[in-house]
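Peer 1: structure for this input, please:
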Amino acid sequence: MKIAYLFKYNFNLGELSVLKKIISQINALRDNNIEITLFIISEEIGIKEFAFNNKIIRDEIYKYIKNNINFEPQNIIIRIFKIRYLIKEIIKKLKLFKPNVIYLRDCGFQLNLHKKLSEIAPLFVEIQTKFLDELSLHKNIKYYCEKILKRKYLYYANGLICITNEIGEYESKFNNKPFFVLGNGIDNDEIYFIEKRNNNNLINLLFIGSPNLPWHGIDRLIHSFINAPNKHKFFLHIIGYDNIGISDNNIKCYGYIKDRNYIDDIFKKCDIGIGTLALFRNNMNQAATLKVREYLAKGLPVAIGYYDVDLNNEIFVFNIPNDNSDINFLELENFYSKIGKNYRENYNGLNTTIYAMENLNWTKKMKNVIEFINKNINNKES
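Peer 2: Numbering: from 1, shown residues only. A predicted model of the protein is given here:
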C-alpha cells in the first residue's frame, strides 16, 4: 500500500506536538510495511514533501519547521488566493505520486479540496475534535462558514478515523460514514520508566500544556491549587508556559522545552501527571490526549478530567469531574496515598509503563487503522 499523508500546517509552536504525533504515526505505518510520504501544506511556505526512508527524516522536518515558524498573519483575500494555488499544486503532486490511499488530517473546508482528492485515491480523514463545537469558542469567519457547510465536504471520504467514539457519533450527524476509533498512542522508543529521584516530601504534580488552548484547563488547575486546603502538601511543575500570571513558591513554570533530557529530569521530580481539565468547553466528554500517554509511559499515575478511550478504571487513574468545579485536592491526596507514596520510587510504578507498551504504542494502533482502511477502501460515497 502506498499512502500520501496530508497535513495543513499553520506554523506555530502550539502545533509542534501535532507534528510529533504525525511523525510517530508515519513511522508506525512504516513498521507495518506501508510506503508513505508526508505532504506539509502551508499558506506561508507552500508544499513540502518528506519521503520516510528512515527515522532521521524527523530531524529534517523539525529543522524545516524551525526555519519557517512564526509568520505574520495574512490578509483574508491574500489567503484565499494562496489556498486556491496550493490546492492546484497538491493535486498535481498527488497525481504524479499515484497513492493507493490519501490520509488527510482534518483541516476543515478548503475550496473543493476533498472532492479533488477523492478523484485521485480513496480518502480517509482523521478527526481530532468535535470540529464545530471547538470553532464555536471563537465564533470567527471560519466558524460561520463551517456552520453553513455542516461538514458536507466529508461526503467524499471513504471513512473517518476519530480519536474517540464521541467524535465519530458527532460526525455521523453530518455524514453517513464508517468510522474507526483511534486513541492517541506513543512511540515504542519513548516508553521507558523514569524512577523518581526527588525527596522534597511533597506530592509533585506535572502539567504539560500549551497557551491559548482553553480546553487544557490551566486556569482551572491553578485556581483549584491556590484554594486547596492542603495546598502546602503539593508542588506544581508546569511545562509549556513561561508564566501563569501569579507568583507562588510551590509553582514552577519551565516554558516550552525542546531538550528531551531536560524533560526527563523534570519527570524524575514528579509523582502524578495532570491531563486535560476543561474538555467541557469543547462540549466533549471523551479524549485520548498525548500528554497522558507520555505520563504513563514514564511511570506516572495520572489525574484526568474526561473519559479516556484507552483507560478502563485502572488503579493508576484519578478521575476529575468534567466541569468548572474546583479539583478536590483532598481526594487527590488520598489517591496518592492509596496507590502508595513510594509508587514512583524503586520501580513500583513500572506497571503504568508496561500498560503503555502493551496498549498505547503506535505500531499496534496503526496496524488496526490499516485493517480499517482495507475494509473500506472500496466504499462508495454515502
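Peer 1: in the stretch 201-350 of the chain, which spans are helices?
Peer 2: 218-227, 260-267, 290-297, 329-339, 350-359 (DSSP state H, counting those that start in this stretch).
Peer 1: point out the most buried one among the ones you listed.
Peer 2: For these, ranked by mean neighbour count under the definition mean count of other Cβ atoms under 10 Å, the leader is helix 290-297 at a mean of 25. No exception for glycine: its C-beta is placed from N, CA and C like everyone else's.
Peer 1: between it and helix 350-359, how many degrees?
Peer 2: 120 degrees (axes from the mean of the first three to the mean of the last three Cα atoms, to 10 degrees).
Peer 1: quick one: distance of helix 290-297 to the chain centre.
Peer 2: Relative to the chain's own centre, helix 290-297 is displaced by 11 Å; criterion: Cα atoms, centre = their mean, to the nearest Å.
Peer 1: now do it, average pLDDT.
Peer 2: Per-residue pLDDT over helix 290-297 has a mean of 94.
Peer 1: now Ala51: closest residue in space that isn't a chain neighbour?
Peer 2: The spatial neighbour of Ala51 that comes closest, neighbours along the chain excluded (Cβ to Cβ, 6 or more residues apart in numbering), is Thr37 at 4.9 Å.
Peer 1: which other residues reach the helix or strand harbouring the one you found?
Peer 2: Using DSSP states H and E, Thr37 sits within strand 35-42. By Cβ atoms under 8 Å, 6 or more residues apart in numbering, the surrounding residues in contact with strand 35-42 are 1-11, 22-23, 26, 29-30, 47-52, 61, 64, 68, 86, 90, 93-94, 97, 99.
Peer 1: so how do I select the buried members of those in ChimeraX?
Peer 2: Here is the ChimeraX selection string for the buried members of the contacts of strand 35-42, based on 16 or more other Cβ atoms under 10 Å:
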select :3,4,5,6,7,8,9,11,22,23,26,29,30,50,52,61,86,90,94,97,99
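Peer 1: among the contacts of strand 35-42, which are located in helices?
Peer 2: Among the contacts of strand 35-42, the residues falling in helices (DSSP state H) are Ile22, Ile23, Ile26, Leu29, Arg30, Ile61, Tyr64, Leu86, Ile90, Lys93, Leu94, Phe97.
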